[in-house]
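Asker: Just a sequence and a predicted model for now, questions to come.
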Amino acid sequence: MNSRDDQDLLIRHAPILRYDQRELFFPSPVDAYVQSCSLWSSEKQIVEPGEVRLTDLTGELAVGSYLQFISDTERRAVVRTDARQLARRLLGPRLGRVGLFGRMVDALFLASVWFRPTTPGLTTPAAAIKSAELETGPRPVVYARVAEVANWTVLHYTYFYAMNDWRSGYRGLNDHEADWEQIWIMCDPADRRPVWVVVSNHDLEGANLRRHWDDDELQRRGDRPALFVGAGSHALFFLPGDYVTRIDVPGLRWLLRLQRWVRRALQIPDQAAERGLGPAVGVPFVDSAPGDGLEHSDWDLRLLDESVPWVGQYRGLWGLDTGDRTNGERGPAGPKFTRTGDVRAAWADPVGFAGLHGTNPPSQAQAAASEERIRLALTEVNGEIQRSSRLLPVFGQVDDPVRRYEASERLSDLLRRRVELTDLQARLRRGQQKAVGIRDHLVQAAVPLAPPQEAGWLLAGWAAVSVPLLILAIASMLVFDPLRVTTVVAIVAAAFSLLEQLVRRHFAPALRLTAVYAVVVAAFLALRAVASGVLSVSVYVVGALLAAAAAVLFVANLGELTAVRRRADTAEAVVAETAGETAD
């Protein structure tokens with residue numbers, strides 16, 4: 001198939017993207033962006049701003065090189081033009097969408113921003129102003145390629161954004177210069193008709209990211225899927241709405257493991273897991289993808305050619321490298337490479353990335369399930385069983401319990417596979433075909449949240465004040481005489497548990513949590529009494545800091561509860577200009 005045929009196929013099925021009305025950054029060409037950046041290697045600037053070209057991004061640049069879009073001078077210019085904040089609404093009562101533990105972890109995450117390397121302040125407004133001034137052309141740009149992978153014809157679309165402003169704009173997880181997002185359409189190679197649509201969504205992978213072409217959840221216009229883009233994060237969704245996105249933050253994994261243990265021990269239901277909002281353990285953030293803003297359907301489609309150095313060789317970052325060890329605040333690598341310079345699985349094996357290995361295109365499904373293929377598979381499995389059976393006694397003599405366990409599990413897995421293949425062979429001989437549903441692969445697939453009025457302003461207000469009150473209660477236990485506040489703290493702890501669970505209609509967990517909190521409070525008071533004579537001064541300092549933290553968090557949550565920020569003239573101009581440049 002020649003490149004012209006590939007391009008026609010890519011244009012025919014090019015996705016339609018719908019954005020949040022507050023979005024400031026849209027798909028744009030990389031050449032204009034790169035030319036406005038400076039190029040760095042080993043923390044030294046090697047090319048001045050305005051002098052960088054795409055041809056400079058080659059394999060000769062080592063991992064650790066990066067582009068910088070916004071300079072310190074440009075950030076200071078934003079202050080001088082009196083545009084200190086972007087104008088936009090927050091997500092409304094976001095905190096009411098997650099549980100008390102999630103809100104506590106959220107508070108810790110907000111505090112961590114003060115101590116870890118992050119994208120410098122005012123980068124977002126500076127990037128919005130600068131990206132709006134770039135000559136990006138009348139139509140948004142999408143880079144795309146056709147790849148033949150594991151019996152599938154894959155249409156791979158990738159979109160470049162000048163900035164991810166999820167944290168500063170929408171109180172999400174991170175900010176970083178530059179952003180690459182991707183969509184894959186898996187086609188049957190026999191007729192090149194779409195079968196599956198797969199989207200990128202943060203660092204997730206697997207079957208939950210794909211929908212069948214005939215799935216009612218996939219909105220289509222003719223031969224093109226219509227998808228919804230998360231505000232600031234640019235994560236992609238199949239339905240409009242707000243989504244709870246659970247993110248694994250490395251520094252907080254110990255808390256997440258504790259949460260999982262407590263939930264299991266006390267049999268506390270996890271609403272997110274029950275409603276298919278993501279994994280049961282993770283720091284909760286909200287992705288807002290209502291699709292009430294711009295719609296992009298008329299694309300300037302450019303072929304993604306791996307032979308071009310900036311695509312196939314450049315392993316550096318496309319935005320500022322802040323040095324954040326969690327990687328969340330570092331610029332991303334390109335569509336082919338990870339930040340460590342490894343080839344992305346989503347590039348080399350999009351079929352495996354989407355959990356499609358072992359799933360054949362419709363034109364090959366019958367042949368794949370033929371008795372001849374099953375007979376060959378059984379022959380191979382039987383051979384592996386014989387080899388494993390001979391090796392297992394040898395591993396039994398090795399003083400390595402891990403190797404023995406792995407060898408035993410390997411043999412057990414092979415024996416299970418032989419039984420499954422034998423059963424399949426018997427069904428085929430009886431003329432029975434296994435019916436596979438187009439949604440059978442989905443486990444905890446993301447679905448939009450219910451309207452925020454689910455529990456009214458009671459839940460929203462409680463969500464805003466609960467964690468500050470809890471921190472203040474702990475501070476009071478430290479500063480004041482524990483004997484005088486024991487009763488008050490116990491009542492507060494019980495009230496927190498009851499209110500949190502009753503508002504969500506979880507009655508049995510409320511009683512169990514109240515009992516646990518009472519034990520914890522008693523243990524803490526005993527420890528406080530023992531240490532009070534030695535640590536009296538430090539206890540007062542910690543208590544004062546906690547009280548201050550409670551006040552700051554309360555003010556921040558109150559601002560979110562009102563869901564309004566004053567719009568600045570400069571930011572309004574940026575929004576209007578960006579909308580004018582990217583409208584169809």
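Answerer: Structure's in. What do you need?

Asker: With adjacent residues omitted, what lies nearest to Gly319?
Answerer: Nearest residue to Gly319, sequence neighbours excluded (C-beta to C-beta, 6 or more residues apart in numbering): Gly331, at 2.4 Å. No exception for glycine: its C-beta is placed from N, CA and C like everyone else's.

Asker: count of neighbours near that neighbour?
Answerer: For Gly331, the count of nearby residues is 25 (other C-beta atoms under 10 Å).

Asker: Hmm, it is touching Asn174, no?
Answerer: No: counting by C-beta atoms under 8 Å, no contact exists between Gly331 and Asn174, whose distance comes to 10.9 Å.

Asker: show me what contacts the residue nearest to Gly319?
Answerer: Under the criterion of C-beta atoms under 8 Å, 6 or more residues apart in numbering, the contact list for Gly331 reads Tyr66, Leu67, His176, Glu177, Ala178, Leu317, Trp318, Gly319, Leu320, Asp321.

Asker: Does the first one touch Trp40 like I think?
Answerer: This points to Tyr66. Yes: counting by C-beta under 8 Å, Trp40 is a contact partner of Tyr66 at 5.3 Å.

Asker: Who has more neighbours out of these two?
Answerer: Counting neighbours by other C-beta under 10 Å for Tyr66 and for Trp40 shows that Tyr66 has the greater number, 25 against 20.

Asker: In which helix or strand does the more buried one reside?
Answerer: Taking DSSP states H and E as the criterion, the element that holds Tyr66 is strand 66-68.

Asker: So which residues make contact with that strand?
Answerer: Contacts made with strand 66-68 from outside it, assessed by C-beta under 8 Å, 6+ apart, are listed as 34, 37-40, 49, 52, 177-178, 316-321, 331.

Asker: Repeat that for stretch 384-393.
Answerer: Ala407, Ser408, Arg410, Leu411, Leu414, Leu415, Arg418.

Asker: Buried residues, it. List them.
Answerer: For stretch 384-393, the buried set under the neighbour-count rule, 16 or more other C-beta atoms under 10 Å, comprises Glu384, Ile385, Ser388.

Asker: what do you get for stretch 286-305?
Answerer: Judged by neighbour count (16+ other C-beta under 10 Å), stretch 286-305 contains these buried residues: Val286, Asp287, Ser288, Ala289, Pro290, Gly291, Gly293, Leu294, His296, Trp299, Leu301, Leu304.

Asker: Any chance of TSV for these, columns pLDDT, distance to Asp423 and secondary structure?
Answerer: Compiled in TSV, the buried residues of stretch 286-305 are given as follows (pLDDT from 0 to 100; distance: C-beta to C-beta, whole Å; DSSP: H, G, I helix; E, B strand; the rest coil):
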residue	pLDDT	distance to Asp423	secondary structure
Val286	80	45	strand
Asp287	87	42	strand
Ser288	87	47	strand
Ala289	91	43	strand
Pro290	88	47	coil
Gly291	91	45	coil
Gly293	91	52	coil
Leu294	94	52	coil
His296	96	48	strand
Trp299	97	47	coil
Leu301	96	47	strand
Leu304	94	43	coil
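
Asker: ok, of those, which one's closest to Asp5?
Answerer: Comparing these against Asp5 with C-beta to C-beta picks out Leu301 as the nearest, at 13.7 Å.

Asker: Strands - which of the contacts of stretch 384-393 land there?
Answerer: Counting by DSSP state E, no part of those is found in strands.

Asker: what's the closest of these to Pro29?
Answerer: Distances from Pro29 to the contacts of stretch 384-393, taken by C-beta to C-beta, are shortest for Arg410, at 49.9 Å.

Asker: so how far is Thr379 from that closest one?
Answerer: With distances taken as C-beta to C-beta, to the nearest Å, Arg410 is found 18 Å from Thr379.

Asker: who's more crowded, these two?
Answerer: When Arg410 and Thr379 are compared on other C-beta under 10 Å, the one with more neighbours turns out to be Arg410, at 17 against 10.

Asker: Can you give me the domain assignment for this structure?
Answerer: When the chain is parsed with automatic domain parsing, its domains come out as 370-429, 455-562.

Asker: pLDDT of the last one, averaged?
Answerer: Read it as domain 455-562. Here the mean pLDDT over domain 455-562 is 61, rounded to a whole number.

Asker: Mind checking the pLDDT average for the longest helix anywhere in the chain?
Answerer: Secondary structure of the chain per DSSP state H: the longest helix is helix 401-429. Per-residue pLDDT over helix 401-429 has a mean of 83.

Asker: and if you look at stretch 119-132?
Answerer: Mean per-residue pLDDT for stretch 119-132: 90.

Asker: That stretch: which residues count as buried?
Answerer: Thr119, Leu122, Thr123, Thr124, Pro125, Ala126, Ala127, Ala128, Ile129, Lys130, Ser131, Ala132.

Asker: Need the contacts of stretch 384-393 in JSON lines (columns: distance to Trp166).
Answerer: Written out in JSON lines, the entries for the contacts of stretch 384-393 read as follows (distance: C-beta to C-beta, whole Å):
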{"residue": "Ala407", "distance to Trp166": "46"}
{"residue": "Ser408", "distance to Trp166": "46"}
{"residue": "Arg410", "distance to Trp166": "42"}
{"residue": "Leu411", "distance to Trp166": "47"}
{"residue": "Leu414", "distance to Trp166": "45"}
{"residue": "Leu415", "distance to Trp166": "47"}
{"residue": "Arg418", "distance to Trp166": "48"}
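
Asker: From those residues, keep the buried residues only.
Answerer: The buried subset of those (16+ other C-beta under 10 Å) comprises Ala407, Arg410, Leu411, Leu414, Arg418.

Asker: Now do the phi/psi pair for Pro29.
Answerer: Note on Pro29: backbone dihedrals following degrees, to the nearest 10 are phi -70, psi 150.

Asker: Which residue, neighbours along the chain excluded, lies closest to it?
Answerer: If you skip the residues right next to it in sequence, Pro29 has Val141 as its closest partner in space, 4.5 Å away by C-beta to C-beta, 6+ apart.

Asker: For the one you found, give me its contacts.
Answerer: Counting by C-beta under 8 Å, 6+ apart, Val141 has contacts Pro27, Ser28, Pro29, Tyr159, Phe160, Trp299, Asp300, Leu301, Arg302.

Asker: which one among the buried residues of stretch 286-305 gets closest to Pro350?
Answerer: The nearest one, if we look at these relative to Pro350 and count by C-beta to C-beta, is Leu304, at 12.7 Å.

Asker: Now for the protein, the helix or strand with the poorest mean pLDDT.
Answerer: Across the helices and strands of the chain, mean pLDDT, DSSP states H and E gives its lowest value to helix 569-582, namely a mean of 37.

Asker: before we move on, back to that, can I assume the residue nearest to Gly319 sits in a strand?
Answerer: No: counting by DSSP: H, G, I helix; E, B strand; the rest coil, Gly331 is located in no strand; its state is coil.

Asker: From Arg4, how far off is it?
Answerer: As it turns out, when the distance is counted by C-beta to C-beta, Gly331 lies 34 Å from Arg4.

Asker: tell me the SS of the residue nearest to Val149 when sequence neighbours are not counted?
Answerer: In space, and not counting its chain neighbours, Val149 is closest to Val351: 4.9 Å by C-beta to C-beta, 6+ apart. For Val351, the reduced secondary structure class is helix; criterion used: three-state DSSP.

Asker: who touches Val351 in this structure?
Answerer: With the criterion set at C-beta under 8 Å, 6+ apart, Val351 makes contact with Val149, Ala150, Asn151, Trp152, Val154, Met186, His357.
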